[in-house]
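Asks: One predicted model, sequence on top.
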Amino acid sequence: MKKVLSGIQPSGRLTLGNYIGAMRNFVELQHQAECFFMVVDLHAITVPQEPAALREQSEAVAALFIAAGIDPAKANVFMQSHVRAHAELGWLLTTLSYMGELERMTQFKDKSAGKDAIGAGLFVYPSLMAADILLYNADLVPVGDDQKQHLELTRDLAGRFNHRFGETFTIPEPYIPKVGARIMSLDDASKKMSKSNPNQGSFIALLDTPDVIRKKISRAVTDSGREVRFDTAEKPEVSNLISIYAQCSGLTVAEVEARYEGQGYGPFKKDLAEQVVGVLEPIQQRYNDIRASGEIGKLLKEGAEKASAVADATLRQVKERMGFLLP
Ligand code: ATP
Ligand code: LTN
């Protein structure tokens, strides 16, 4: 059976981009593979987090995994910080990572741009991500387009380790959706939709109320034309909205274009809002039930126990091959 691993940071309120780009594929893959889905809190602290908010967001992300359809009886859901092997293998792989390759990471460049104090954790972030993946010998890693480069680095690190210390790690493949791998910001189609964007109108949060969703979509930037046509070069804003529509309705891009031919943006945006609400409302209901049940702590504990058993065995093998004196 193939192994699948992915993670989402509790660095803010999850967005429709996280859902379409990543989480939805988690739900699909759980039926075909042995899955490990984590809330990557150790990654979230590579930029400053307020402790109370981090704790709340961590529980919220875990509850959203389940609400989105991940079945904890099928997939392991856990907190990264509950499995100590992540931090430990992260350090071991940091010692195998080169400054030059880490400096080339666009996420690092974007997140450090214009800052005078840049945390060292932000720099070595990809080495920790590689540890996350390699601990479970994952074959597939479902992520959005922005994580492709980190996956490449993970593959390089796995290959480097195998070459130096003997075949140990599986070389993982990214699993990226064909449509929706990069949902753009509602206020600026040149930037990806991000939960860390201070402009709340730039993203749809999975827990936004239907009215807020309608308002955000009606205010989403378009262009001065009126044609609902997919053309990322000429019409990036409208194309982004068409992608969201297609992903939420199950229609193809061409079917969405045909449905709104000659109708202008008004009816298109109105229906788009209802499509998004239709996808998010059931998730929100399940989310509220799960939070109210008080079961999340128990689920995470069980998930971490199962994940630790796998991760600890890999870590022990890695340390042995690297020449550590084992206890
Ligand atoms: P931040 O903006 O705080 O850095 P993020 O949402 O980009 O956070 P994560 O929470 O770690 O980062 O992302 C979780 C998953 O969601 C990743 O697989 C990422 O590729 C995917 N993802 C994030 N934003 C988008 C987007 N706009 N479109 C498609 N996929 C996305
Ligand atoms: N870097 C990812 C989050 C992440 C991840 C992982 C994704 C951390 N560890 C392991 C897949 C597998 C991000 O910023 N979106």
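Replies: Received it, and whenever you're ready, just let me know what you need. Ligands and ions are numbered 1, 2, ... in the order given.
Asks: how about the strands of the chain, start to end?
Replies: 3-8, 34-39, 75-79, 140-142, 173-175 (DSSP state E).
Asks: So what are the sheet partners of the third one and their directions?
Replies: Within its sheet, and counting by DSSP bridges, strand 75-79 is paired with strand 34-39 (parallel).
Asks: average model confidence for stretch 164-176?
Replies: Along stretch 164-176, the predicted confidence averages to a pLDDT of 98.
Asks: in that stretch, what's buried?
Replies: By neighbour count, with 16 or more other Cβ atoms under 10 Å as the criterion, the buried positions of stretch 164-176 are 165, 168, 169, 170, 172, 174, 175, 176. For glycine as for every other residue, the C-beta is placed from the backbone atoms N, C-alpha and C.
Asks: Which one of those is nearest to ligand 1?
Replies: Ligand 1 has its nearest neighbour among these in residue 176, at 8.4 Å by Cβ to the nearest ligand atom.
Asks: Can you report how many residues neighbour residue 301?
Replies: 12 (other Cβ atoms under 10 Å).
Asks: Next one: it, what pLDDT does it get?
Replies: Note for residue 301: predicted pLDDT of 98.
Asks: Contact partners for it?
Replies: With contacts defined as Cβ atoms under 8 Å, 6 or more residues apart in numbering, residue 301 is in contact with residue 82.
Asks: and if you look at the one 5 residues further on?
Replies: Contact analysis of residue 306 by Cβ under 8 Å, 6+ apart lists 76, 78.
Asks: Could you measure from the residue lying closest to residue 237 once chain neighbours are set aside over to residue 239?
Replies: Counting by Cβ to Cβ, 6 or more residues apart in numbering, residue 189 is the residue found nearest to residue 237 once chain neighbours are left out, at 4.5 Å. The spacing between residue 189 and residue 239, counted by Cβ to Cβ, to the nearest Å, is 8 Å.
Asks: What degree of burial does the closest residue to ligand 1 within the stretch 51-200 of the chain show, as a neighbour count?
Replies: Checking the stretch 51-200 of the chain residue by residue against ligand 1 with Cβ to the nearest ligand atom singles out residue 144 as nearest, at 2.4 Å. Neighbouring residues of residue 144 were enumerated by other Cβ under 10 Å; the total is 22.
Asks: where does it land on pLDDT?
Replies: Note on residue 144: pLDDT of 94.
Asks: For it, list the residues it contacts.
Replies: With contacts defined as Cβ under 8 Å, 6+ apart, the neighbours of residue 144 are 17, 18, 21, 22, 176, 177, 181, 182, 183, 192.
Asks: which of these come close to ligand 1?
Replies: Among the contacts of residue 144, the residues within reach of ligand 1 (Cβ under 6 Å from any ligand atom) are 17, 18, 21, 22, 181, 182, 183, 192.
Asks: of those residues, closest to residue 248?
Replies: Distance to residue 248, by Cβ to Cβ, is smallest for residue 183 among the ones next to ligand 1 among the contacts of residue 144, at 10.9 Å.
Asks: Near ligand 1, which residues of the stretch 51-200 of the chain are found?
Replies: 143, 144, 146, 147, 181, 182, 183, 192, 193, 194, 195, 196.
Asks: Mind doing that once more with 5 Å?
Replies: Taking Cβ under 5 Å from any ligand atom as the criterion, the neighbours of ligand 1 within the stretch 51-200 of the chain are 143, 144, 146, 147, 182, 183, 192, 193, 194, 195, 196.
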